[in-house]
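1. take this sequence and fold it.
(2 chains)
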Amino acid sequence: EAGVAQSPRYKIIEKRQSVAFWCNPISGHATLYWYQQILGQGPKLLIQFQNNGVVDDSQLPKDRFSAERLKGVDSTLKIQPAKLEDSAVYLCASSLGGDSYGYTFGSGTRLTVV
Amino acid sequence: GENVEQHPSTLSVQEGDSAVIKCTYSDSASNYFPWYKQELGKGPQLIIDIRSNVGEKKDQRIAVTLNKTAKHFSLHITETQPEDSAVYFCAAPDTGRRALTFGSGTRLQVQP
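-> Sure thing, here's the model as predicted:
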């Protein structure tokens, strides 16, 4: 079974620039999550999709962050404009959904904002 | 929402010794408690989980115990090996948001 694919692996941008991350979940996984992991901390949920609908985006800074999940499969997370404090690893995870919390994580995208 | 606290933040043991990491949670409706291992440059990987209808679960050298009354659960690693060195995260579901809330992590260093 293929894992969760994320790209790019690394990205360095200047503050106020924009950036986008891509995620391809495990086939058949209805639920997709984006987490932000700041260095030395645990992952923090940004947004959760069930198929192509948003379940929870209460912790997404909507003035600068946006996300979509087209056709209930791939997802993109965008930051515009980026701030220094956005430097983190952005992790995508997927699960079967429902009462299944069995996450599979991708390797993440390490973002550095300078 | 769910609040998960994890300690210690760092743990150093000698190869062959045991390691214990503890977590507490706040949402009494939580019924699933996973542990993840994160190696450098990789995403977290599920290593063991437990549901609330059992008090202990073992898988070779790792085990998880759960005390629902006290709302805490622990990861036990026996006969530690250098390849166990990593950051370990506990998590619990925020039943209102239907997503996992993670602890702050424990960096385990196994000294050869």
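2. ok, now which ones touch the residue lying closest to B:Ser26 once chain neighbours are set aside?
-> Sequence neighbours aside, B:Asn3 is the residue nearest to B:Ser26 in space, at 4.2 Å (criterion: Cβ to Cβ, 6 or more residues apart in numbering or on different chains). Bear in mind the C-beta positions are built from the backbone N, C-alpha and C, glycine included. Neighbouring residues of B:Asn3 by Cβ atoms under 8 Å, 6 or more residues apart in numbering or on different chains: B:25-27, B:101.
3. using a markdown table, lay out these together with secondary structure, pLDDT and neighbour count.
-> Below are the contacts of B:Asn3 laid out as a markdown table (DSSP: H, G, I helix; E, B strand; the rest coil; pLDDT from 0 to 100; neighbours: other Cβ atoms under 10 Å in any protein chain shown):
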| residue | secondary structure | pLDDT | neighbour count |
| --- | --- | --- | --- |
| B:Tyr25 | strand | 96 | 23 |
| B:Ser26 | coil | 95 | 14 |
| B:Asp27 | coil | 90 | 18 |
| B:Thr101 | strand | 95 | 22 |
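4. which of those residues sits closest to A:Leu111?
-> Among these, B:Thr101 lies closest to A:Leu111 (Cβ to Cβ), at 22.2 Å.
5. give me the beta-bridge partners of the closest one?
-> Beta-bridge partners recorded for B:Thr101 (DSSP bridges): B:Ala92.
6. what about the strands in chain B?
-> B:4-7, B:10-14, B:19-25, B:32-38, B:45-51, B:56-59, B:62-67, B:72-77, B:86-94, B:99-102, B:106-111 (DSSP state E).
7. can I get these in TSV with distance to A:Ala93?
-> Formatted as TSV, the strands of chain B follow (distance: least, Cβ to Cβ, whole Å):
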stretch	distance to A:Ala93
strand B:4-7	16
strand B:10-14	25
strand B:19-25	19
strand B:32-38	10
strand B:45-51	10
strand B:56-59	21
strand B:62-67	20
strand B:72-77	20
strand B:86-94	11
strand B:99-102	9
strand B:106-111	20
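8. which ones are touching residue 46?
-> Since no chain was named, I'll use chain A. A:34-36, A:57, A:59-60, A:65, A:67, A:77, A:90.
9. wrong one, chain B
-> A:102-104, B:34-36.
10. farthest-apart pair in the residues you listed, please.
-> A:Thr104 and B:Trp35 (14.7 Å).
11. the more surrounded of those two?
-> Between A:Thr104 and B:Trp35, counting by other Cβ atoms under 10 Å in any protein chain shown, B:Trp35 is the more crowded of the two (24 against 19).
12. any idea what the more buried one is bridged to?
-> Under the criterion used (DSSP bridges), B:Trp35 bridges to B:Ile48, B:Cys90.
13. what's the burial count for A:Asn52?
-> As a burial measure, A:Asn52 scores 14 neighbours (other Cβ under 10 Å).
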